[in-house]
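Peer 1: Using only what follows, build the 3D model:
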Amino acid sequence: MRWPMFADSTARLNPTEGHILAGVQIDEHRFLARVKSPQLFQIAPDPRDTEDKRKLAASKDAQDLREIRLKVQRLFEGAKAKNVGAQADYVISLHNGQPGITPTIILYSEAPLETALDPQMSVGTVLIPYGVKLVAIDGETQLAARYEAANRMPETKDSAVAVYICKGLGNAWARQAFHDLNVLGVRPNAAVSIGMDARDPLTRLTSDLEARVPFFEGRISRTRRQLRASDPEVTTISALRGACVTFVHGIGGTKYGARPVPLPAGREAAVLEAAVEWWRGVTGLIGDALENRDDTVASAPAVLSALGAMGHPLLAADGPDQRRRGLNAQLAKLEAVDWARGRQWEGIAGKFTPKGAFTVGGSKETAHAIFGALNDETSAPYARIRSSTT
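Peer 2: The predicted structure is shown next:
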């Protein structure tokens, strides 16, 4: 395909006047371009520099950029500041060949920017004059992370980055764009996020467990945050993952929630084998209760987390014989449990509503108490949930 107009019009942009980026113009105010990191760093400084008092005092550019950022961005504080390191890890992992994708960085220029385009296809170039600095109104954490990644691994600067340049629009537009991009988007629920994640070790463990435990195979919902009465599945991927987390880290693993969770280095295969053995035993023993979601508490996420923690001691077993003995001992504790949604669970797993329905609390609120009632033979709750007369 020949683009003579593109070739002619490119010549009208003088490369001695600034950075020329190739791409596609969406309209007169928006241009989608591809840049290498070194060029990105030239046109979009590290936004964290505008919050560094020493750099601010030494740089008029940083002071000017800070004025714009205060109008259209938020500062690097709290979770935003913490996310830079994780994003840098992600950029490095992509450079090292891991699958994944980074979102487009949206850069903002209040001033118009000159373009040269093929009038039929809008393919062409945009000129960022030397000295003009752009602010990220979306993807700012990724921009900072690319600086961080380049400091740790200079080779990441070879990566190409997609940037969306918004130009010739006022600060009021940029503020509204920041709001719309950050507030109006609908985040997927935890089940969908976990079900799509192939990188997190505990999510991989959960998927492998589902495939190898017949009771779970094909019966785990990857789209529901919580199951409806009419759903045929026995639990959700997020609830089963929570049970896998506590199997690996004990009942204290409930603190992780849906965050990435480490596996013991070099023990992935051994952990999976022990988890499969444990959950085959559990589902073989109380499968009927797990299936009866309406009348029992067994499949509630908090209970599954407690059940996962019940199997945690198997990881410390010295060989298959000791693990088998530990498995049998832990399963024996579950044999007499009354899983019905009754008074025996009140104050342990949840509470009754004014209408008389029993609701199980969240894992962080109740899993520890449930675990104690299932596991601690010396406690009063241990005997209480095994009484069929309460």
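Peer 1: From here on, just use CA atoms for contacts and neighbour counts.
Peer 2: Will do.
Peer 1: so P260 touches D200, yeah?
Peer 2: Yes - in terms of CA atoms under 8 Å, P260 counts as a neighbour of D200; the distance is 5.8 Å.
Peer 1: intersection of neighbour lists for those two?
Peer 2: When contacts are counted by CA atoms under 8 Å, 6 or more residues apart in numbering, P260 and D200 are jointly contacted by no residue.
Peer 1: would you list every one of the helices in the stretch 251-390 of the chain?
Peer 2: For the stretch 251-390 of the chain, helices defined by DSSP state H, counting those that start in this stretch occupy the ranges 268-291, 301-310, 320-334, 363-375, 380-384.
Peer 1: If you count contacts, what does the last one end up packed against?
Peer 2: The one in question is helix 380-384. Taking 3 or more CA pairs under 8 Å, 6 or more residues apart in numbering; DSSP states H and E as contact, the helices and strands that helix 380-384 lies on are helix 363-375.
Peer 1: What lies in contact with the helix it packs on?
Peer 2: By CA under 8 Å, 6+ apart, helix 363-375 touches 251, 254-255, 301-303, 305-307, 309-310, 330, 333-334, 337, 348-350, 379-383, 385.
Peer 1: Mind giving me the PyMOL command for buried ones among those residues?
Peer 2: Typed into PyMOL, the next command selects the buried ones out of the contacts of helix 363-375 (criterion: 16 or more other CA atoms under 10 Å):
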select buried, resi 251+254+301+302+303+305+306+307+309+310+330+333+334+337+348+349+350+381+382+383+385
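Peer 1: Tell me which helix or strand I92 sits in.
Peer 2: Of the helices and strands defined by DSSP states H and E, I92 is found in helix 78-95.
Peer 1: List the buried residues of that helix.
Peer 2: 83-85, 87-92, 94-95.
Peer 1: Ok, stretch 321-330 next?
Peer 2: Going by 16+ other CA under 10 Å, stretch 321-330 has these buried residues: 323-324, 326-327, 330.
Peer 1: Just the CA coordinates for it, please, in CSV.
Peer 2: Output in CSV follows, covering the C-alpha atoms of stretch 321-330 (Å, rounded to 0.1, in the frame of the first residue of the first chain):
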residue,chain,number,x,y,z
ASP,A,321,2.8,-42.4,55.8
GLN,A,322,2.9,-39.5,58.3
ARG,A,323,0.8,-37.4,56.1
ARG,A,324,-1.8,-40.1,55.7
ARG,A,325,-2.0,-40.5,59.5
GLY,A,326,-2.4,-36.7,59.9
LEU,A,327,-5.1,-36.7,57.2
ASN,A,328,-7.1,-39.4,59.0
ALA,A,329,-6.8,-37.7,62.3
GLN,A,330,-8.0,-34.4,60.9
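Peer 1: now it: mean pLDDT?
Peer 2: Confidence over stretch 321-330, taken as the mean pLDDT, stands at 95.
Peer 1: And for that stretch, what's in contact with it?
Peer 2: Residues lying outside stretch 321-330 but in contact with it, judged by CA under 8 Å, 6+ apart, are 278, 281, 310-311, 313-315, 317, 375.
Peer 1: Point out the least confident one among those residues.
Peer 2: Among the contacts of stretch 321-330, A317 has the lowest pLDDT, at 91.
Peer 1: Distance check, it against R324.
Peer 2: For A317, the distance to R324 under the criterion CA to CA, to the nearest Å works out to 9 Å.
Peer 1: Next: A298.
Peer 2: Applying CA to CA, one obtains 23 Å for the distance of A298 from R324.
Peer 1: now L331
Peer 2: In this view, L331 and R324 are 10 Å apart by CA to CA.
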